[in-house]
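Asks: Okay, here's the prediction I keep looking at, along with the sequence it came from:
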Amino acid sequence: MKSTTVRRVGLSIAMATALASVAACGSSGSSGGSGKDDKAVGKGSTRVSPIAALRSAEQSTDKADSAKVESSTVMGSLMSMDAKGSLGWGDGITGVLTMTYTGGTMAQTMRAAGSTSMEARYLPDAYYAKMGDKFAEQAGGKHWLKYAYDDLAKLGGSSGAYLKDQMQNSTPNQSVKLLLASGDVKKVGTESVRGRQATHYSGTVNVADLAAKNSNLTASQLAGLKKQLTAAGVTTEQVDIWVDAQNLLVKKVEKGQMSSGQYSQTAYYSDYGVKVDATVPPASDTEDFTALLKQQGLTPGSADTATGSGTSS
């Protein structure tokens with residue numbers, strides 16, 4: 001396989017596989033809020049404010065440790081992708097997702113590699129993407145590509161460092177934290193989500209500000225990330241979540257605008273507490289992506305492997 005093809009397919013998968021997990025779990029935020037308005041006093045009664053309700057939802061979802069997830073992600077002309085599986089977050093992100101690319105340049109890239117669907121396994125220190133036979137035949141005969149989280153920053157610069165941070169720290173309750181941190185949250189009403197009654201909350205967040213407040217990036221990494229977000233046209237996003245009677249997140253939608261078009265991420269959650277079984281693929285059938293790049297004469301972190309992955313953060 002030509003080195004340019006290996007680079008393009010491998011980096012596209014790295015970004016998309018990471019995005020699938022982050023989209024399913026939500027962007028990282030802090031619990032925020034002053035707590036002063038947790039309860040609002042009405043006429044002779046006390047009602048729970050959106051802030052107090054969201055805090056309960058954040059805590060309940062966090063304690064659940066795992067869930068079945070279905071998500072859809074659209075990123076302008078770059079990618080349309082569906083993902084389905086189970087994720088756990090009791091000790092880092094673990095789980096298995098089956099991802100299908102339905103449109104955009106990513107679908108074309110995957111089609112050229114032999115398949116528009118693949119399995120991804122997430123473990124605390126790395127994630128693995130299973131490629132089709134066509135890719136394996138042209139890339140050493142191995143079907144699995146390993147992406148260590150520590151390598152993400154090298155592959156994608158500031159946006160890669162942010163993805164690494166999100167991959168290792170994001171959980172479904174982070175979407176709830178996004179709204180709490182935004183300072184702009186309102187209760188929309190009660191709606192049915194796949195047959196379950198849920199309360200709908202909505203708000204608008206500043207992407208760059210939240211990245212600065214709620215990640216472990218250095219000042220230079222944050223500056224680079226903000227530059228990439230600005231270049232991609234990403235400024236604010238609309239966040240909507242739905243919480244059921246057990247104070248568990250059952251749906252979340254994040255929408256925003258990029259220079260390449262609108263992006264949106266929708267996820268549904270069910271079967272909280274489900275057993276998650278994610279195992280490391282056989283070493284004999286696994287290739288480390290950075291090692292594969294070196295075999296192709298490319299240097300991880302150099303201009304050889306630079307991409308526009310900043311648009312994905």
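Replies: Noted; the coordinates are in hand. Residues are numbered from 1 along each chain as shown.

Asks: ok, the closest residue to residue 176 other than its chain neighbours - contacts?
Replies: Spatial nearest neighbour of residue 176, chain neighbours left out: residue 58 (4.2 Å); criterion: CB to CB, 6 or more residues apart in numbering. From N, CA and C alone the C-beta is placed, and that goes for glycine too. By CB atoms under 8 Å, 6 or more residues apart in numbering, the contact set of residue 58 is 31, 173, 176, 177, 180.

Asks: Could I have the buried ones of those as PyMOL selection syntax?
Replies: Selection of the buried residues among those in PyMOL, burial being defined by 16 or more other CB atoms under 10 Å:
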select buried, resi 31+173+176+177+180
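
Asks: quick check, nearest of the contacts of residue 58 to residue 126?
Replies: Set against residue 126, the nearest of the contacts of residue 58 by CB to CB is residue 173 (23.2 Å).

Asks: Grab the nearest non-local neighbour of the closest one.
Replies: Leaving aside its sequence neighbours, residue 173 sits nearest to residue 61 (CB to CB, 6+ apart; 4.0 Å).

Asks: Wait, the one you found touches residue 246, no?
Replies: No - contact between residue 61 and residue 246 fails when scored by CB atoms under 8 Å: they sit 9.6 Å apart.

Asks: ok, the two, which is more surrounded?
Replies: residue 61 (28 against 12; other CB atoms under 10 Å).

Asks: Now the helix or strand in which that one is found: average pLDDT?
Replies: Per DSSP states H and E: residue 61 is located in helix 50-64. Summarised as a single mean, pLDDT over helix 50-64 is 90.

Asks: immediately after it, which helix or strand?
Replies: According to DSSP H and E, the helix or strand after helix 50-64 is strand 66-75.

Asks: Could you list the paired strands of that following strand along with their orientation?
Replies: strand 79-88 (antiparallel), strand 261-270 (antiparallel) (DSSP bridges).

Asks: just checking, residue 145 touches residue 292?
Replies: Yes - look at residue 145 against residue 292 with CB under 8 Å: they come within range, at 7.1 Å.

Asks: between the two, who's got more neighbours?
Replies: Comparing residue 145 with residue 292 by other CB under 10 Å, the one with more neighbours is residue 145, at 28 against 21.

Asks: list the contacts for that one?
Replies: Going by CB under 8 Å, 6+ apart, residue 145 touches 10, 13, 128, 129, 131, 286, 287, 288, 289, 292.

Asks: element containing it?
Replies: Element membership for residue 145 (DSSP H and E) is strand 144-148.

Asks: avg pLDDT for that strand?
Replies: Rounded mean pLDDT across strand 144-148 is 89.

Asks: Give the buried residues for that strand.
Replies: 144, 145, 146, 147.

Asks: Can you convert those residues into CSV and add a column each for distance to residue 205?
Replies: Shown next, in CSV, are the buried residues of strand 144-148 (distance: CB to CB, whole Å):
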residue, distance to residue 205
144, 36
145, 33
146, 33
147, 28
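
Asks: closest to residue 237 among the residues you listed?
Replies: The closest of the buried residues of strand 144-148, once distances to residue 237 are taken by CB to CB, is residue 147, at 25.4 Å.

Asks: hang on, isn't the closest one packed against residue 123?
Replies: No - with contact defined as CB under 8 Å, residue 147 does not reach residue 123; the gap is 10.7 Å.

Asks: Residue 192 versus the residue nearest to residue 176, what's the distance?
Replies: Distance, residue 58 to residue 192, using CB to CB, to the nearest Å: 22 Å.

Asks: same question, residue 83
Replies: 23 Å.

Asks: So for the two, which residue has more residues nearby?
Replies: residue 83 (23 against 9).

Asks: Please tell me the pLDDT value assigned to the more buried one.
Replies: 92.

Asks: In this structure it contacts residue 73, no?
Replies: Yes - counting by CB under 8 Å, residue 83 touches residue 73, with 7.5 Å between them.

Asks: Each with direction, which strands does the strand holding residue 145 pair with?
Replies: Strand 144-148 is paired, per DSSP bridges, with strand 126-130 (antiparallel), strand 286-288 (parallel).

Asks: Let me know the average pLDDT across the longest one.
Replies: Think strand 126-130. In the prediction, strand 126-130 has an average pLDDT of 90.
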